[in-house]
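Novice: here are the coordinates; sequence isn't available:
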């Protein structure tokens with residue numbers, strides 16, 4: 001399916017801008033935000049050390065493209081259970097300032113600025129929870145976000161997700177729903193990701209870019225003659 005003006009035009013009104021879609025983890029930042037968040041919670045005494053062991057095992061499956069995202073989210077959202085969004089927000093604010101901002105790729109900021117200068121609309125689509133993705137996007141000056149939605153009940157997090165998980169084909173489904181709600185239409189689209197898990201999304205956009213791609217995505221990008229971008233970060237922020 002080609003991501004053309006015709007497929008995303010709303011009310012037959014065509015705008016001159018493009019849509020630039022960015023994955024977050026290992027694409028805009030030189031790390032996995034969910035993994036760093038788990039370390040952060042363990043260091044604060046808000047999660048058991050065993051969380052890191054379980055997560056590390058599941059991330060091996062993620063790299064292979066075989067991760068059960070439902071199981072992953074159930075495990076990693078456990079520390080949020082029973083806490084209010086405001087409690088978590090205060091922790092996330094510190095987390096972003098101390099850990100995420102230093103992990104942002106300088107080239108990512110340059111690319112975002114390039115799109116802004118062109119008048120493009122920028123969207124982050126991530127398979128990480130919205131409690132992290134939305135404030136990180138705000139720190140990057142990006143308003144449009146699609147992330148995994150976190151369930152709340154009576155003002156506290158339940159530790160469960162809700163809605164379609166924005167992972168693999170779920171990113172495409174969520175994108176289509178998002179586009180239906182927009183008042184804009186686009187001349188075309190750019191897509192940026194590092195992971196083979198985002199192949200459905202990158203195959204949809206007009207101009208796909210593999211950013212520091214994993215080996216499987218790198219091979220696919222080469223075969224399809226996609227642009228491969230090599231972004232580097234000097235800070236040693238990986239754990």
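Specialist: The structure has been received and is ready for your questions. Computed from a predicted model, the values in this text were never measured in an experiment. Numbering: from 1, shown residues only.
Novice: pLDDT weak spots in the chain?
Specialist: Along the chain, the model assigns pLDDT under 70 to residues 1-16, 235-239.
Novice: touching the lengthiest helix in the chain from outside, list them.
Specialist: Among all segments of the chain classified by DSSP state H, the helix with the greatest residue count is helix 50-64. Outside helix 50-64, the residues within contact range by Cβ atoms under 8 Å, 6 or more residues apart in numbering are 32, 34-35, 38-39, 41-42, 67-68, 71-72, 75-76, 78-79, 195, 197, 214. Where C-beta positions appear, they are placed from N, C-alpha and C, glycine not excepted.
Novice: which among those residues count as buried?
Specialist: 32, 34-35, 38-39, 41-42, 67, 72, 75-76, 79, 195, 197, 214 (16 or more other Cβ atoms under 10 Å).
Novice: which one of those sits closest to residue 154?
Specialist: residue 79 (18.5 Å; Cβ to Cβ).
Novice: grab the nearest non-local neighbour of that closest one.
Specialist: Counting by Cβ to Cβ, 6 or more residues apart in numbering, residue 79 lies nearest to residue 47, which is 4.2 Å off, once chain neighbours are set aside.
Novice: how about residue 169?
Specialist: Excluding its sequence neighbours, the residue lying closest to residue 169 (Cβ to Cβ, 6+ apart) is residue 200, at 4.9 Å.
Novice: what comes up buried for the longest helix of the chain?
Specialist: Buried, per 16+ other Cβ under 10 Å, within helix 50-64: 51-52, 54-55, 58, 62.
Novice: would you reformat those residues as a markdown table and include distance to residue 150?
Specialist: A markdown table is the format used below for these (distance: Cβ to Cβ, whole Å):
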| residue | distance to residue 150 |
| --- | --- |
| 51 | 17 |
| 52 | 21 |
| 54 | 19 |
| 55 | 17 |
| 58 | 18 |
| 62 | 19 |
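Novice: out of the residues you listed, flag the one nearest to residue 22.
Specialist: Nearest to residue 22 out of the buried residues of helix 50-64 is residue 62 (Cβ to Cβ; 18.3 Å).
Novice: what is the neighbour count of the nearest residue to residue 193 once chain neighbours are set aside?
Specialist: In this structure, residue 193 finds its nearest non-sequential neighbour in residue 23, 3.8 Å apart by Cβ to Cβ, 6+ apart. Neighbours of residue 23 under the rule other Cβ atoms under 10 Å: 23.
Novice: wait, what's in contact with residue 23?
Specialist: Here residue 23 is in contact with 124-126, 192-195, 198, 201, 211 (Cβ under 8 Å, 6+ apart).
Novice: format these as TSV; extra columns: distance to residue 18.
Specialist: What follows is the contacts of residue 23, written out as TSV (distance: Cβ to Cβ, whole Å):
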residue	distance to residue 18
124	16
125	15
126	20
192	13
193	17
194	21
195	22
198	18
201	15
211	17
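Novice: show the contacting residues for the residue nearest to residue 79.
Specialist: With contacts defined as Cβ under 8 Å, 6+ apart, residue 47 is in contact with 38, 41, 78-79.
Novice: please redo it, this time with the cut-off set to 7 Å
Specialist: Contacts for residue 47 (Cβ atoms under 7 Å, 6 or more residues apart in numbering) come out as 38, 41, 79.
Novice: cool, residue 120 as well?
Specialist: Taking Cβ under 7 Å, 6+ apart as the test, what residue 120 contacts is 17-20.
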